[in-house]
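**Student:** Got a predicted structure here, sequence first:
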Amino acid sequence: QLVESGGSVVQPGDSLRLTCVGSGFTFNSFSMNWVRQAPGKGLEWISYISLSSTVIYYADSIRGRFTVSRDNDKNALYLHMDSLRPEDTATYYCARAPTTSNWFDPWGPGTPVTVSA
Amino acid sequence: QFPLIQPASVSGSPGQSITISCNGSRSNIGAYSSVSWYQQHPGKAPKLLLFEVNVRPSGISARFSGSKSGNAAYLTISGLETEDEADYHCSSLTSRSTEVFGTGTTVTVL
């Protein structure tokens, strides 16, 4: 099971940190991803982090503004978001992926982020 | 990375079969057998339906099948049921080691 938290209504330029906590599985045996979905739109993959945080990837749309990290001792995944823009408004999902694979299962229920003046 | 292209909507009657296309390029679908499909009901999180083009996770109905040809992937739903009414998303590994999703398809059961 995965559960996200930290979503909120913020103003453009603000920062926000999202958290995803995993349970019921060995958290440090899986890579993790963040995926977002703007209202009424499709899914957008935004970040990947490997088991021990040695490999990290970002989508071009958020590179330089968002930072992914994890704390395996706490079974937690984080997404620190800086310089938020209205186009970052979305539901943010965390999703687990097998070590050497790119499919996402399971997904958390998501946490909503709204960026508006 | 541009999203993979899916039809906005597909519809069918109960019992029929429908196929959803997912069009990419040589840098994603055409380069890897790493295509996944997800089902998403309104207000819910996506759920994995298929991975590696045509592999069903445990618990997924055999009515769902996948294929790939060139730079395109396909999801076929056989014996359409009312519970299949949902949004469907494809995804693929890319040559930049990132993931790209499709534009999403809404399936309507008539």
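**Tutor:** Yes, it's here. Numbers count the residues shown, from 1 in each chain, chains lettered A, B, ... in the order given.

**Student:** CA atoms for contacts and neighbours, from now on please.
**Tutor:** Noted.

**Student:** Can you give me the pLDDT of A:Ser53?
**Tutor:** The model reports A:Ser53 with a pLDDT of 95.

**Student:** That one and B:Leu80, how far apart?
**Tutor:** 42 Å (C-alpha to C-alpha, to the nearest Å).

**Student:** More neighbours: which of these two?
**Tutor:** B:Leu80 (22 against 16; other C-alpha atoms under 10 Å in any protein chain shown).

**Student:** any idea how far the more buried one lies from chain A?
**Tutor:** Distance from B:Leu80 to chain A, counting by C-alpha to the nearest C-alpha, to the nearest Å: 23 Å.

**Student:** same check, this time on B:Ser92
**Tutor:** Separation of B:Ser92 from chain A (C-alpha to the nearest C-alpha): 8 Å.

**Student:** Can you get me a residue count around that residue?
**Tutor:** 32.

**Student:** Tell me how many other residues crowd the residue nearest to it when sequence neighbours are not counted.
**Tutor:** In space, and not counting its chain neighbours, B:Ser92 is closest to B:Val35: 4.5 Å by C-alpha to C-alpha, 6 or more residues apart in numbering or on different chains. For B:Val35, the neighbour count with other C-alpha under 10 Å is 30.

**Student:** On the three-state scheme, the residue of chain B most remote from its centre is what?
**Tutor:** For chain B, the residue at maximal distance from the C-alpha centroid (C-alpha atoms, centre = their mean) is B:Arg96, at 21.3 Å. Classification of B:Arg96 by DSSP: H, G, I helix; E, B strand; the rest coil places it in coil.

**Student:** roughly how far apart are it and B:Gln16?
**Tutor:** Relative to B:Gln16, B:Arg96 is positioned 38 Å away (C-alpha to C-alpha).

**Student:** my guess is B:Gly79 contacts B:Gln16, does it?
**Tutor:** Yes: in this structure, B:Gly79 is within contact of B:Gln16 by C-alpha atoms under 8 Å, at 5.2 Å.

**Student:** show me the contacts for the closest residue to B:Leu93 other than its chain neighbours.
**Tutor:** Among residues not flanking B:Leu93 along the chain, B:Glu99 sits closest, at 4.7 Å (C-alpha to C-alpha, 6+ apart). For B:Glu99, the contacting residues are A:Trp45, A:Asn102, B:Ser91, B:Ser92, B:Leu93, by C-alpha atoms under 8 Å, 6 or more residues apart in numbering or on different chains.

**Student:** Reformat the residues you listed as a markdown table; add distance to B:Gln39.
**Tutor:** Output for those, formatted as a markdown table (distance: C-alpha to C-alpha, whole Å):
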| residue | distance to B:Gln39 |
| --- | --- |
| A:Trp45 | 16 |
| A:Asn102 | 16 |
| B:Ser91 | 12 |
| B:Ser92 | 15 |
| B:Leu93 | 18 |
